[in-house]
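> Curious how this folds, go ahead:
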Amino acid sequence: CGGLGLISMYFASSPEFLIFSMVGVGIAWASILAMPYAMLAGSLPAHKMGVYMGIFNFFITIPQIVSGIINRPIVHNLFGNKAIYAIVMAGVLFLVAAASVSFVEDKDDVVTA
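Here you go, the predicted model:
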């Protein structure tokens, strides 16, 4: 949904069409916020959960910061200041990431007392 939503923005003929694009991105965003933590929680020891979740959070926030710094030169030099192409690239990478998740083995949570 998310990758197709981002890619479909390129083909939007009117601002009203973007509502459909954003619905796709919104559906994906809901799972982006929760699923990585849910997948990770099943493979962590309960007594170290907070530490590992904190470390995992670095791998979410640091790429966002780096992306914010390097994307301006990429849009300027690679896409000729046309940010829509960066959004299309993000959509393609989104689809690659979605396909890659199919290789992740999700373990069920095991509650131990």
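> What residues sit buried inside the lengthiest helix in the chain?
If you go by DSSP state H, the chain has its longest helix at helix 49-77. By neighbour count on 16 or more other Cβ atoms under 10 Å, the buried set for helix 49-77 is N71, V75. C-beta here means a position set from N, CA and C on the backbone, and glycine is covered the same way.
> name the helices or strands packed onto that helix?
Contacts defined by 3 or more Cβ pairs under 8 Å, 6 or more residues apart in numbering; DSSP states H and E place helix 49-77 against helix 18-41, helix 83-101.
> For the first one, buried residues please.
What it means is helix 18-41. By 16+ other Cβ under 10 Å, the buried positions in helix 18-41 come out as S21, G24, V25, A28, P36, L40, A41.
> Spatially central, which residue of this structure would that be?
Geometric centre of the chain, nearest residue: I32, 5.8 Å, by Cα atoms, centre = their mean.
> Just give the nearest non-adjacent residue to that one, would you?
The shortest distance from I32 to any non-neighbouring residue, by Cβ to Cβ, 6 or more residues apart in numbering, is to G2 (7.4 Å).
> got the contact list for that neighbour?
With contacts defined as Cβ atoms under 8 Å, 6 or more residues apart in numbering, the neighbours of G2 are G24, V25, I27, A28, W29, I32, G91, F94, A98.
> Between the residues you listed, which sits nearest N81?
G91 (19.0 Å; Cβ to Cβ).
> Pretty sure the closest one sits against S21.
No - at 9.5 Å, G91 does not count as touching S21 under the criterion of Cβ atoms under 8 Å.
> list the helices and strands the helix or strand of the chain with the lowest mean pLDDT packs on?
Of all helical and strand segments in the chain, the minimum by mean pLDDT, DSSP states H and E falls on helix 18-41, at a mean of 86. Judged by 3+ Cβ pairs under 8 Å, 6+ apart, the packing partners of helix 18-41 are helix 2-8, helix 49-77.
> Save these as JSON lines, and put in mean pLDDT too.
As requested, these are exported to JSON lines (pLDDT from 0 to 100):
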{"stretch": "helix 2-8", "mean pLDDT": "94"}
{"stretch": "helix 49-77", "mean pLDDT": "90"}
